[in-house]
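J.: below is the structure, and that's it, no one-letter string:
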């Protein structure tokens, strides 16, 4: 029974009932109204979708503006397509009333010739004529396109790549880079876009000073380190979409996988880096370049040798198995006459310089075959006689020593010499450690120096002479890997001097260890990792060295 609050009470109605009804009506009139719903954004930008964060209607959105990624909002690959589709729908559909317009907009896939009246006359719940059946929706694209870095970033990073990294890893050329950027900007350039982004990320993470901000004038306030990490995150996201598509190995995908390995190595993600390195090796084995594509064929051959060297270097440092082998049917390095054909980073002798450095690098790792890794990794099924093992290691020793004769290093630049000489002496220390484990060392008059217990001290003195003759920047450009090699040499010297102190009568060995300790702190990963590890090893093995140095 409803009673109006102002109506007079009927006869027989109690006063308490009237009072209760009036009180209820007053409470209902003063009840708080529900709060309005929060405004929701119909379409978030791609970055906010990926991060699962709230977005704003403005473009660029406020979240992207705060982190300096306006270009990613403005170059959202789906915005223009949605805008064009909306405009086309508006011109195609002609509605007579707002209600029919709203009903029609819910079926954008119906034929344009079907008017709203026809749609109401033949509702979807009934049977439509065969010609008026709506077509199935188009399949979703295999991989969402992501935006490229700004053009100024791409140009800067590729210039730095050819100036700093190309002499060591000549797997890109200016001609191919131009084709790559053009393909990355096209509709079907997902693999090229991933590769371009990965190259930019590696350059910023490995080559550039971490705290510099070279793109502030372009509206990117981040440091090289932070911006490189953001680009690497984008490259990894693009790679995830590529892996969900059909398996179709291409040079671009193989190169992108290798640069993702390099990015993980720069970020100290050693396990993830090993995963991408093995994937790059697998892609390289199944890669097929069509006949007549000489540029891609040449780059694919170079990439094979770069991955082979990287895989063997990584396998030695972390005791991993290797995949690629040097077989007669494998790719061959370009001859001297072919390397000067203008496919390098410039003109004149620059291509010869880059290819000469690659040949010397390959000659250091070519002798390290699967039999060597079986010994190094202590494979249980390996059965070798001590004499056979000794002769095999002697052959490897001679090949590594002969790889960098003066006639081979005359054309090399400083960054190439830094990488080659440090790697050569590090490999000789690895051979010495393997001989020590197998019991092939001795201290007798007249035996070769590399068979004695004090050999690492001699190698350390040689390495100090090499490093003092070149700039620290030429060493730092090679990233964390070269610091690991210097760290291994220094640790081997500490082990020898702690057990055979008579080998350092002049005191130069201890002085060289102090020099390596200071050098390691100047290289990537020195302050965060390798400096502390070396100090811990010294304090446990040769503690008086730290006392003498004043620390």
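T.: Everything's here; your move. It should be emphasised that the depicted structure is a prediction, and the values quoted were computed from it without experimental measurement.

J.: going forward, measure contacts and count neighbours with C-alpha atoms only.
T.: Will do.

J.: now do the contacts for the closest residue in space to residue 299 that isn't next to it in sequence.
T.: Across the structure, with CA to CA, 6 or more residues apart in numbering as the measure, the residue nearest residue 299 apart from its sequence neighbours is residue 171 (5.5 Å). Shown in contact with residue 171 (CA atoms under 8 Å, 6 or more residues apart in numbering): 299, 300, 302, 303.

J.: among those, which ones are buried?
T.: Neighbour-count burial (16 or more other CA atoms under 10 Å) applied to those gives 299, 300, 302, 303.

J.: nearest to residue 448 among these?
T.: Nearest to residue 448, judged by CA to CA, of the buried ones among the contacts of residue 171 is residue 302 at 36.4 Å.

J.: now the helix or strand containing that closest one: buried residues?
T.: Per DSSP states H and E: residue 302 is located in helix 294-318. Across helix 294-318, burial judged by 16+ other CA under 10 Å covers 296-316.

J.: who's in contact with it?
T.: Helix 294-318 is contacted from outside by 169-172, 176, 251, 255, 258, 274, 277-278, 280-281, 284, 289, 320-325, 331-333, 358, 361-362, 365, 368, 373, 376, using CA under 8 Å, 6+ apart.

J.: now the stretch 1-150 of the chain, which segments are flagged as low pLDDT?
T.: For the stretch 1-150 of the chain, applying pLDDT under 70 flags the ranges 1-42, 71, 75-146.

J.: where along the stretch 151-300 of the chain do the helices fall?
T.: 151-160, 174-184, 190-202, 224-243, 251-266, 270-286, 294-318 (DSSP state H, counting those that start in this stretch).

J.: likewise for the stretch 451-551 of the chain?
T.: Using DSSP H, counting those that start in this stretch, the helices assigned to the stretch 451-551 of the chain run over residues 455-468, 472-476, 480-499, 508-522, 531-541, 543-548.

J.: and the third one, what does it pack against?
T.: Read that as helix 480-499. helix 251-266, helix 414-438, helix 455-468, helix 508-522, helix 531-541 (3 or more CA pairs under 8 Å, 6 or more residues apart in numbering; DSSP states H and E).

J.: just these: most buried one?
T.: helix 251-266 (a mean of 25; mean count of other CA atoms under 10 Å).

J.: nearest residue to the middle of the chain?
T.: Centroid check for the chain by CA atoms, centre = their mean gives residue 260 as the closest residue, at 2.7 Å.

J.: and the pLDDT at that residue?
T.: On the pLDDT scale, residue 260 is placed at 98.

J.: isn't it right next to residue 276, touching?
T.: Yes: with contact defined as CA atoms under 8 Å, residue 260 reaches residue 276; the gap is 6.8 Å.

J.: lowest-confidence stretch among the helices of the stretch 451-551 of the chain?
T.: helix 543-548 - the lowest mean pLDDT of the helices of the stretch 451-551 of the chain, at a mean of 75.

J.: quick check, residue 198 in contact with residue 254.
T.: No: if you go by CA under 8 Å, residue 198 and residue 254 don't touch, sitting 11.9 Å apart.

J.: mind giving me the domain ranges of this protein?
T.: 60-73+144-366, 393-551 (automatic domain parsing).

J.: save these as CSV, and put in distance to residue 53 too.
T.: As requested, the domains of the chain are exported to CSV (distance: least, CA to CA, whole Å):
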stretch, distance to residue 53
domain 60-73+144-366, 9
domain 393-551, 32
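
J.: per-stretch mean pLDDT over these, give me the minimum one.
T.: domain 60-73+144-366 has the lowest average pLDDT among the domains of the chain, namely a mean of 89.

J.: show me how far it is from its chain's centre.
T.: Relative to the centre of its chain, domain 60-73+144-366 is centred 8 Å away, using CA atoms, centre = their mean, to the nearest Å.

J.: excluding residues flanking it in the chain, which one is nearest residue 321?
T.: Per CA to CA, 6+ apart, closest to residue 321 is residue 315, 5.9 Å.

J.: rewinding a little: out of the helices of the stretch 451-551 of the chain, flag the one nearest residue 48.
T.: Residue 48 sits nearest to helix 480-499 of all the helices of the stretch 451-551 of the chain, at 33.0 Å, using CA to CA.

J.: check which residues of the closest one are buried.
T.: In helix 480-499, counting by 16+ other CA under 10 Å, buried: 480-497.

J.: stretch 388-406 now?
T.: Result for stretch 388-406 [16+ other CA under 10 Å]: buried residues 389, 393, 396, 397, 399, 400, 403, 404.

J.: outside of it, which residues touch it?
T.: So stretch 388-406 is contacted by 360, 363-365, 367-368, 420-421, 424, 427-428, 431, 440 (CA under 8 Å, 6+ apart).

J.: now stretch 493-506
T.: By CA under 8 Å, 6+ apart, stretch 493-506 touches 453, 454, 456, 457, 460, 509, 510, 513, 538, 541, 542.

J.: could you find the closest non-adjacent residue to the third one?
T.: Right, the one you point to is residue 456. residue 493 (5.5 Å).

J.: what of the fourth one?
T.: When the adjacent residues along the chain are set aside, residue 457 lies closest to residue 493, with 5.5 Å between them (CA to CA, 6+ apart).

J.: how far away is the one you found from residue 459?
T.: Distance from residue 493 to residue 459, counting by CA to CA, to the nearest Å: 9 Å.

J.: equivalent analysis for residue 43, please.
T.: Taking CA to CA, one finds residue 43 at 63 Å from residue 459.

J.: if we can go back for a sec, between the buried residues of stretch 388-406, which is closest to residue 267?
T.: Nearest to residue 267 among these, with distances taken as CA to CA, is residue 400, at 29.9 Å.

J.: can you name the helix or strand that that closest one falls in?
T.: With DSSP H and E as the test, residue 400 turns up in helix 386-402.

J.: next, the angle from that helix to helix 414-438.
T.: Taking axes from the mean of the first three to the mean of the last three CA atoms, to 10 degrees, one finds that helix 386-402 is oriented at 170 degrees with respect to helix 414-438.

J.: and helix 386-402, how far out from the chain middle?
T.: 36 Å.

J.: ok, residue 61 - contacts?
T.: Residue 61 touches 45, 55, 70, 73, counting by CA under 8 Å, 6+ apart.

J.: what packs against the strand or helix carrying the last one?
T.: What it means is residue 73. Residue 73 is located in helix 70-74, with elements delineated by DSSP H and E. On a contact count with 3+ CA pairs under 8 Å, 6+ apart, helix 70-74 meets helix 46-51, helix 62-66.

J.: just those helices: most buried one?
T.: helix 62-66 (a mean of 16).

J.: give me the contact list for that one.
T.: By CA under 8 Å, 6+ apart, helix 62-66 touches 47, 48, 55, 56, 70, 72, 73.

J.: hmm, 6 Å instead?
T.: Helix 62-66 is contacted from outside by residue 70, using CA atoms under 6 Å, 6 or more residues apart in numbering.

J.: run the chain-centre distance for stretch 410-428.
T.: Its chain's C-alpha centre and that of stretch 410-428 lie 25 Å apart, by CA atoms, centre = their mean.

J.: actually, stretch 450-459.
T.: Using CA atoms, centre = their mean, the offset of stretch 450-459 from its chain centre is 38 Å.
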